[in-house]
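Colleague: I would like to see how this sequence folds:
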Amino acid sequence: MNTLPGRTRIFSDQDFLLRAGEDPDAGFVIITGRVELRNAAGTLLGDARQGDVIGAASLLFGGRQDLSAIAAGPVEAAMVDRGTVAAELSRNPDLVRSSATQLLKALNLVPAAETGAKQQAEPCGAFDFDTDSNVVPITGKRAPAAAHPGDIAEMGSWSAIWLKPASDATRSGMPKRGIKINETPYGVGRKPKRGEQIPRTDIILQFSDERPYNLSRHHFMIELGRPGLMIRDAGSQLGTLVNGERIGLDEPRNAVSLHIGENAIEAGGYDTPFHFIIVILA
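Modeller: Residues are numbered from 1 along each chain as shown. Below is the predicted model:
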């Protein structure tokens, strides 16, 4: 597995890591803290947290950023420049065949902070990340139309949150009546195989899956954002379908708001067996 040299940067609250409309020559991996992802108009579209890569497409292909990445409080991030990536690609041409959004993961650009290891001061050493290989390919099947049962679950508008199974695969791994979510973030993912990196602590609910995998070890998060409760794809290989809208690394957004009532969640490819219902009670 190849490694990329990087160096740490410290950002204060509201500092820009990347700006919409600019052509950056560096990308970042979040080590600690949270980064808000906003469009050119300033609308919050999601966020990035520990282990997430931002600016990958610009690093690989150049071009202007679609989103701004803004520190939401103190942020420590590992930075790698475009020249370093280009040099690595020239030495390893097989990497070009990898999907663009997964390439930096294949190059081990996610810091060891994900495992709880202490980060060293600048310069950083190599980072470690094991991709979920042999995933189910996404076919051309169309997603079902979105069906929003109620108003957006804004902060303080709900009395209870339940995550319930909606398929045999999820019923076999959680109580039939579901799980009451009392704290966020609450993460869902795949149980690691022998020798794989253990998921970070906010991945609370884990399911067994066999190759080719539908679930990634870090698949999706239930968390608070703006204006309220949301689902964020946690960097999964195949993405997440939320009320008919697909989110993830290959999609325009990696997070979407939840609604009062029932919300349908599918984790993985179009034929995934991992279906859930999130019930938000007003």
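
Colleague: where does the stretch 101-250 of the chain dip in pLDDT?
Modeller: Along the stretch 101-250 of the chain, segments meeting pLDDT under 70 span 101-150.

Colleague: 90 instead, please
Modeller: Scanning the stretch 101-250 of the chain for pLDDT under 90 picks out 101-158, 183, 185, 194-202, 211-212, 224-228, 235, 237, 248-250.

Colleague: just the helices in it please.
Modeller: For the stretch 101-250 of the chain, helices defined by DSSP state H, counting those that start in this stretch occupy the ranges 103-106, 168-171.

Colleague: can you give me the buried ones in stretch 7-17?
Modeller: Neighbour counts over stretch 7-17 (16 or more other CB atoms under 10 Å) mark 8-9, 11, 17 as buried. The C-beta positions use only the backbone N, C-alpha and C, and glycine is treated the same way.

Colleague: distance across it, terminal residue to terminal residue?
Modeller: End-to-end distance for stretch 7-17, by CA to CA, to the nearest Å: 14 Å.

Colleague: also stretch 242-261?
Modeller: End-to-end distance for stretch 242-261, by CA to CA: 13 Å.

Colleague: before we move on, what about stretch 15-23?
Modeller: Note: stretch 15-23 ends 17 Å apart using CA to CA.

Colleague: repeat that for stretch 265-278.
Modeller: 7 Å.

Colleague: then stretch 168-180?
Modeller: Using CA to CA, the end-to-end distance of stretch 168-180 comes out at 19 Å.

Colleague: now find how far off-centre that stretch is within its chain.
Modeller: Between the centre of stretch 168-180 and the centre of its chain there are 23 Å (CA atoms, centre = their mean, to the nearest Å).

Colleague: buried ones in it?
Modeller: Judged by neighbour count using 16+ other CB under 10 Å, the buried positions of stretch 168-180 are 169-170, 173-174, 178-179.

Colleague: wait, which of those residues is closest to residue 30?
Modeller: residue 179 (27.4 Å; CB to CB).

Colleague: tell me who's in contact with that closest one.
Modeller: Counting by CB atoms under 8 Å, 6 or more residues apart in numbering, residue 179 touches 162-164, 205.

Colleague: export those to TSV and tack on neighbour count?
Modeller: As requested, these are exported to TSV (neighbours: other CB atoms under 10 Å):
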residue	neighbour count
162	15
163	22
164	19
205	17
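
Colleague: strands - which of those residues land there?
Modeller: 162-164, 205 (DSSP state E).

Colleague: for those, give me JSON lines that also has distance to residue 240.
Modeller: Shown next, in JSON lines, are the ones in strands among the contacts of residue 179 (distance: CB to CB, whole Å):
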{"residue": "162", "distance to residue 240": "18"}
{"residue": "163", "distance to residue 240": "13"}
{"residue": "164", "distance to residue 240": "16"}
{"residue": "205", "distance to residue 240": "14"}
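
Colleague: span of stretch 35-49 from start to end?
Modeller: Counting by CA to CA, you get 6 Å between the two ends of stretch 35-49.

Colleague: give me the residues contacting that stretch.
Modeller: Here stretch 35-49 makes contact (CB under 8 Å, 6+ apart) with 17, 20-21, 30, 33-34, 52, 54, 66-72, 75, 77, 225-226, 230, 232, 247, 252-255.

Colleague: of the residues you listed, which belong to strands?
Modeller: Per DSSP E, strands hold the following members of the contacts of stretch 35-49: 17, 30, 54, 68-71, 75, 77, 230, 232, 247, 255.

Colleague: I'd like to know which of those residues is nearest to residue 261.
Modeller: When the ones in strands among the contacts of stretch 35-49 are compared for distance to residue 261 (CB to CB), residue 230 comes out closest, at 15.2 Å.

Colleague: OK, contacts around that closest one?
Modeller: Residue 230 makes contacts with 46, 222-224, 255-258, as judged by CB under 8 Å, 6+ apart.

Colleague: out of those, which end up buried?
Modeller: Restricting the contacts of residue 230 to buried positions leaves 46, 222-223, 255-258, with burial counted as 16+ other CB under 10 Å.
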